[in-house]
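Participant: A structural model of the following input is requested.
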Amino acid sequence: MTKLDWSSADEAWTASLSTAHFDDLEIRVVTDGESAPPTDAQLKAVALIEQIAQKGLPPTKELARKYAMEYLGPDEVEDMEDEDLAIEIHAAIVPRLRDTESTYIMFVGNSDIDMEHGVAILCKDGIKLAVTHSDVAYANHDWDETAEFEQLIGG
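Facilitator: The predicted model follows:
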């Protein structure tokens, strides 16, 4: 398993991972700003990140187009090419998970959909995906607060 190090500046456990699919992927495991070790549920999410890093994320073009339609509107998206919907992932955020049955990860990246803030790919259990605003990844969610994730993922 990837070695996580406590970062007091980030108030999170962090690591970096490079694979053929992700170049220098920052992993961030969110806590309460204290150096208490990640929970078993969070470590499960880190293991899933490692698996996804080896095989890559499933295609997200259609999900990105759907999000772009909601975020930018149809007139703006009409002229966008497929490459404009690409998401260049640079981080994987593990939220405060303790007693959840499902594993949630937010992959954050740059995209022409929102060049200023970027976008996030919410991943549930490695198979259900949704593209959303990057603010979701950096929001201060409480422990096991997954209702917003479920709403975004359509669960």
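Participant: which parts of this structure are helices?
Facilitator: Ranges of helices in the chain, per DSSP state H, are 40-55, 61-72, 74-78, 135-138, 147-153.
Participant: right, so of these, which gets closest to Val29?
Facilitator: helix 40-55 (5.1 Å; C-beta to C-beta). Glycine gets a C-beta too; all of them are placed from N, C-alpha and C.
Participant: pLDDT averaged over the closest one - what is it?
Facilitator: Mean pLDDT, computed over helix 40-55, is 96.
Participant: and what of stretch 1-21?
Facilitator: If you average the pLDDT values across stretch 1-21, you get 93.
Participant: again with stretch 94-104
Facilitator: The pLDDT scores in stretch 94-104 average 94.
Participant: give me the contacts around that stretch.
Facilitator: Residues outside stretch 94-104 that contact it (C-beta atoms under 8 Å, 6 or more residues apart in numbering) are 27-32, 38-39, 41-42, 44-46, 48-49, 105-106, 122-126, 141-146, 149.
Participant: repeat that for stretch 78-91.
Facilitator: Here stretch 78-91 has contacts from 22, 24-28, 57, 60-61, 64-65, 68, 107-113, 119, 121, 131, 137, using C-beta under 8 Å, 6+ apart.
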